[in-house]
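Q: give me coordinates for this.
(one chain, ligands or ions: 1)
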Amino acid sequence: MRYYEFTFIVAVNSRDALTQKVLAMGCPGVVENDKGFVAYFPESLDINFISKELVLFKTILKNSGLASDFSFDYTLLPDTDWNETWKESFKPMEIGSFTILPPWEKKSEGRINLIIDPGMAFGTGHHETTRKCLVLLERFSNECGKGRLLDVGTGTGILAIAASFLGFEHITAVDTDPLAIDAAQRNAALNGVSNVEIISGSIADTCGVYDFITANLVSDVLSLMAGELAARLNNPGIAVLSGMLRGQEAGVIEAMEGAGLTVTEKIFDGKWVSIIARAQAEQTRHD
Ligand code: SAH
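A: Numbering: from 1, shown residues only. A predicted model of the protein is given here:
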């Protein structure tokens, strides 16, 4: 499959909002640069629709008080360019006990090597929210049973595979994007993990309860999913919820608490916020 490469020149204060918009329109990942970022869309998507949506988005930015003067240009890439682009930009990265590396790099000794062949899915560890989720997954994984873990919006499968390495017995990974399902299956095989069940769909397609849930999604999706997340979380159980921009977390917290979960931690990382939600009451802490 071929991909459209969109090059965005955009002011710093509207970069995140625009990134979320392109991800919501089916772009599986962006590569930031000094002037803005580059986004890739599969050829199968309706590029005219995407272009029109982007023009409309300028008004939304303007109405939100953000810089609305972004510009973009796009080109259809030949088939071969895509892999080369990734190979150049995807270098090994250390996150907690993990070294995240593409299949063509040498493994690090004494580390948990997690191989990610990104394909067209989001989740190489280069995005702040993925990094934060991995760190929080490792940090909180000992605080509850390591029985069943659910990863909602698995992308490349990075968090689900990490959970397998951390000792969770059974992992369910769901994603609505078929490209993510392909990538997650390929990566589970590359890492030799056999206890990750990958399901095409969302949280509604899962059953039972889970000791741990990871969900690195956008704020609106998290808020809409609050009831289902609460229903799927064991008691005691922990959910790492990420992908919120600063200022958006209040709405997500309200939704989670309205669904009966207790938010015990808010973790700020630059522009991004992650929260820890639990199925049991605890005093609120911040770090
Ligand atoms: N977990 C990975 C990927 C996060 S990107 C990481 O932390 O890096 C978010 C992923 O969620 C995308 O692959 C997207 O396709 C998927 N997604 C978006 N909305 C979803 C929904 N409602 N249910 C399931 N998956 C969803």
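Q: model confidence score at the residue nearest to the spatial centre of the chain, please.
A: Geometric centre of the chain, nearest residue: N216, 4.1 Å, by CA atoms, centre = their mean. pLDDT recorded at N216 is 96.
Q: and the one 10 residues further on, by the same measure?
A: Model confidence at A226, expressed as pLDDT, equals 98.
Q: which residues touch L150?
A: Neighbour list for L150: I171, T172, A173, V174, I203, T206, Y210, F212, I213, T214, R232 [criterion: CB atoms under 8 Å, 6 or more residues apart in numbering]. Glycine gets a C-beta too; all of them are placed from N, C-alpha and C.
Q: wait, which of those is closest to I267?
A: Comparing those against I267 with CB to CB picks out T214 as the nearest, at 13.6 Å.
Q: what are the ranges of the helices in the stretch 101-250 of the chain?
A: 128-140, 158-165, 178-190, 219-224, 226-232, 249-258 (DSSP state H, counting those that start in this stretch).
Q: among these, show me which one is buried the most.
A: Mean neighbours per residue, mean count of other CB atoms under 10 Å, is largest over these for helix 158-165, with a mean of 27.
Q: got the contact list for it?
A: Contacts for helix 158-165 (CB under 8 Å, 6+ apart): 98, 100, 112, 114, 116, 123-125, 130, 133-134, 137-138, 141, 149, 151, 154, 171-173, 184, 187-188, 191, 193, 195-196, 198, 212, 214, 216.
Q: restricting to these, which residues neighbour the ligand?
A: G123, T130, C133, T154, N216 (CB under 6 Å from any ligand atom).
Q: so the second one touches N216, yeah?
A: Which is T130. Yes - judged on CB atoms under 8 Å, T130 makes contact with N216 at a distance of 6.3 Å.
Q: who touches both of those two?
A: Common neighbours of T130 and N216 (CB under 8 Å, 6+ apart) are G123, G155, L159.
Q: next one: I181 from I199, what distance?
A: 8 Å (CB to CB, to the nearest Å).
Q: sorry, wrong one. I was asking about D175.
A: In terms of CB to CB, D175 sits 8 Å off from I199.
Q: give me the more crowded residue out of those two.
A: D175 (27 against 16; other CB atoms under 10 Å).
Q: quick one: pLDDT of the residue of the stretch 1-150 of the chain found nearest the ligand?
A: As assessed by CB to the nearest ligand atom, the ligand sits closest to G123 within the stretch 1-150 of the chain, at 2.9 Å. On the pLDDT scale, G123 is placed at 71.
Q: what's it sitting at in phi/psi?
A: phi 120, psi 70 (degrees, to the nearest 10).
Q: in space, what's closest to it - neighbours in sequence excluded?
A: Closest residue to G123 apart from its sequence neighbours, by CB to CB, 6 or more residues apart in numbering: G155 at 3.3 Å.
Q: tell me the pLDDT at L66?
A: On the pLDDT scale, L66 gets 84.
Q: now do the one 4 residues further on
A: If you check F70, the pLDDT there is 89.
Q: quick check: bridge partners of S274?
A: I267 (DSSP bridges).
Q: go ahead and confirm it touches C133.
A: Yes - applying CB under 8 Å, one finds S274 in contact with C133, separated by 6.9 Å.
Q: shared neighbours, the two?
A: With CB under 8 Å, 6+ apart, S274 and C133 have common neighbours V240, S242.
Q: kindly list the longest helix within this structure.
A: helix 47-63 (DSSP state H).
Q: would you mark the buried spots in that helix?
A: Within helix 47-63, the residues that qualify as buried by neighbour count (16 or more other CB atoms under 10 Å) are I50, L54, F57, K58, L61.
Q: excluding covalently adjacent residues, which one is nearest to the last one?
A: For L61, the nearest residue in space outside its immediate sequence neighbours is S68; the separation is 4.0 Å by CB to CB, 6+ apart.
Q: what do you get for the first one?
A: Distance criterion CB to CB, 6+ apart; nearest residue to I50, sequence neighbours excluded, is M25 at 5.6 Å.
Q: what does the stretch 151-287 of the chain put close to the ligand?
A: 152-155, 158-159, 174-177, 180, 202, 216-217, 221.
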